[in-house]
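Novice: Predicted coordinates and the sequence they were generated for:
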Amino acid sequence: MMKKFTIEDNFWSLFPDAKIGIVICKNIDNTLREQETYEAMLGDAEKEALKYLQEPEFSNNEVIKVWREAFQKFKTKKGARSSIEALMKRVSKGNHIGTINPLVDIYNATSLRYGLPCGGEDIDTFRGDIRLTKALGDESFITLGTDESAPPYEGEIVYKDDEGAICRCWNWRESVRTMLTESTKNAFLCIELVDTQREEALRNALEYLAKTVEAHLGGVCEVSILDIHNKSIPVM
């Protein structure tokens, strides 16, 4: 059964200029070998990330600011921050980003290197089609480190499938149910852009992400960019 990813109109009504880059990875091997390779990749990316943190006031740095402003346009959980802010905050304090599994390490390195939020899910765990949309508020959602459901707020921007929310507050927290693991074979990776000045960075980041996955994990990666004129793609 063909699954598809659609960005719904209630998202575009808030973010008409957004672009969502998607990398579909098929038949990869995400087993962790050579951990030092990924530690080095993340270490290099942390150094690259410092160029986005030139302003003394952390929240004045453009890669942080654009996402703070984006998160003000919909209801979010108190204290929720974009994934790029969470990574950059750690780098700004001199804390290293630890390895998790190859795919997550690769997308975290891409995120740091290009100053854009990156995330990923295991396609084989999806129930039906995936949507980027406003939450109804009754979606099931269990995040890492808890075992109780914490549904999104009504109107919160979420990725969701037929079973519930996959990622809350756009790119803040992901569901345990769909997260990438070492046994993931087929992955849905995304890079999100709200800053229209940085389309070239998005394209470069997608190319880097796809090539790095293929080089380290094998398989085949397909890259797409969705926008208000191109709202849906097949996933598998």
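Specialist: Here it is on my side, so go on.
Novice: ok, the helix or strand of the chain with the lowest mean pLDDT: who's next to it in the sheet?
Specialist: Each helix and strand of the chain was given a mean pLDDT (mean pLDDT, DSSP states H and E); the minimum falls on strand 173-174 at a mean of 92. Each strand pairing with strand 173-174, determined using DSSP bridges, is listed with its direction: strand 165-168 (antiparallel).
Novice: circling back: and whichever helix or strand comes after the least confident helix or strand of the chain, what other elements does it pack with?
Specialist: Proceeding N to C from strand 173-174, the next assigned helix or strand is strand 187-193, under DSSP states H and E. Where contact means 3 or more Cβ pairs under 8 Å, 6 or more residues apart in numbering; DSSP states H and E, strand 187-193 is packed against strand 19-26, helix 102-114, strand 118-122, helix 199-217. Just so you know, the C-beta spots here come from the backbone N, C-alpha and C atoms, and that holds for glycine as well.
Novice: Nearest to S224, out of the ones you listed?
Specialist: strand 19-26 (4.7 Å; Cβ to Cβ).
Novice: give me every residue that touches D17.
Specialist: Shown here is D17, whose contacts under the criterion Cβ atoms under 8 Å, 6 or more residues apart in numbering are V194, T196, I228.
Novice: Buried ones from the residues you listed, can you make that a PyMOL selection?
Specialist: Restricted to buried positions by 16 or more other Cβ atoms under 10 Å, the PyMOL selection for those reads:
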select buried, resi 194
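Novice: Looking at the contacts of D17, which one is closest to P16?
Specialist: The shortest approach to P16 among those belongs to I228, at 5.5 Å (Cβ to Cβ).
Novice: Spit out the contact partners of the residue nearest to the closest one when sequence neighbours are not counted.
Specialist: With Cβ to Cβ, 6 or more residues apart in numbering as the criterion, I228 has its nearest non-adjacent residue at 5.0 Å, and that residue is W12. Residues in contact with W12 (Cβ under 8 Å, 6+ apart) are A18, I228, K231.
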